[in-house]
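Engineer: Fold the following and give me the result.
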Amino acid sequence: MASGLDGRTVIVTGAGSGIGRAAALAFAEEGARVVAADLNAEGAQGVVKEIERSGGAAVAVVGDLSEQAVVDQVVETAVERFGGVDVLVNNAGIMDRMSAVADVTNGEWERVIRVNLTAPFLLTRAVLPHMLRAGRGAIVNTASEAGLRGSAAGAAYTASKHGVVGLTKSLAVMYRKQGIRANAIAPGGTRTGIAVDAVKDAHGPAVLGGHLGNSGKLAQPEEQAAAIVFLASDAASNINGAILPVDDGWSAV
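Structural biologist: Numbers count the residues shown, from 1 in each chain. All right, here's what the predicted structure looks like:
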């Protein structure tokens, strides 16, 4: 089955590096027009230039996606430049410090939840009116193996990704009759630039270290991107509310 993505408009967050960059390039290869959103201007503009060199259409929006004004700018850019929003990929995220609950600071908790969960909510809320008017749309969220278990990350990151799973399933139920699908991937370890600033000898990292041996091989960003593009495509037209592990079988252990 054809992907059906040719000529459609796709917003990809965290598009400047890692999984987001790979997804932006993969969508462009399918003929989609890409809005590349990222906090890092060099990364966002770099992926846009790469897409344009290959004959594709893309535009960068730079800013902190946990801020409503930036979210509004992303969606307005998609509508003004390309005429609407067909696909939203909520991929941008940050790691925590692998902290156990007793060691999580207010700052760590609030920042991780804001970037990993509130930003996808804000973007989804902003694109829904456009998708509802069109009578169709696909939303793909990047959850995590940490959204499926309690032993893959610290308390803040784990809670944020469990929240992404819940947000995805709620969307699927609420809007399936309006032609909108919502799914998520749950990556295992992946070769990206995301940093883990764990506190040496702290309780959280010490406990988690005993569980991470079952995590399997590290994926390439392109392997995660392939799953994202599939879930957004017409080939997945009857898949809604799914959380797809892309983790070399880690979730099966």
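
Engineer: Next, the contact list for Asp64, please.
Structural biologist: The contact partners of Asp64, taken as C-beta atoms under 8 Å, 6 or more residues apart in numbering, are 39, 70. In short, each C-beta sits where N, CA and C put it, glycine included.

Engineer: correct me, but Glu223 touches Asp248?
Structural biologist: No: if you go by C-beta atoms under 8 Å, Glu223 and Asp248 don't touch, sitting 9.3 Å apart.

Engineer: what's the longest strand in this protein?
Structural biologist: Counting by DSSP state E, the longest strand found in the chain is strand 180-187.

Engineer: any idea of the mean pLDDT for it?
Structural biologist: The average pLDDT for strand 180-187 rounds to 98.

Engineer: What's the local residue count around Gly56?
Structural biologist: 19 (other C-beta atoms under 10 Å).

Engineer: show me where the stretch 1-150 of the chain has strands.
Structural biologist: In the stretch 1-150 of the chain, the segments counted as strands under DSSP state E, counting those that start in this stretch are 9-13, 33-38, 58-62, 87-90, 137-142.

Engineer: Asp96 and Arg111, how far apart?
Structural biologist: 9 Å (C-beta to C-beta, to the nearest Å).

Engineer: between these two, which one's more packed in?
Structural biologist: Between Asp96 and Arg111, counting by other C-beta under 10 Å, Asp96 is the more crowded of the two (25 against 15).

Engineer: residues contacting the residue nearest to the spatial centre of the chain?
Structural biologist: Nearest residue to the geometric centre of the chain (C-alpha atoms, centre = their mean): Asn91, 1.7 Å. Neighbouring residues of Asn91 by C-beta under 8 Å, 6+ apart: 12-15, 19-20, 23, 141-142, 228.
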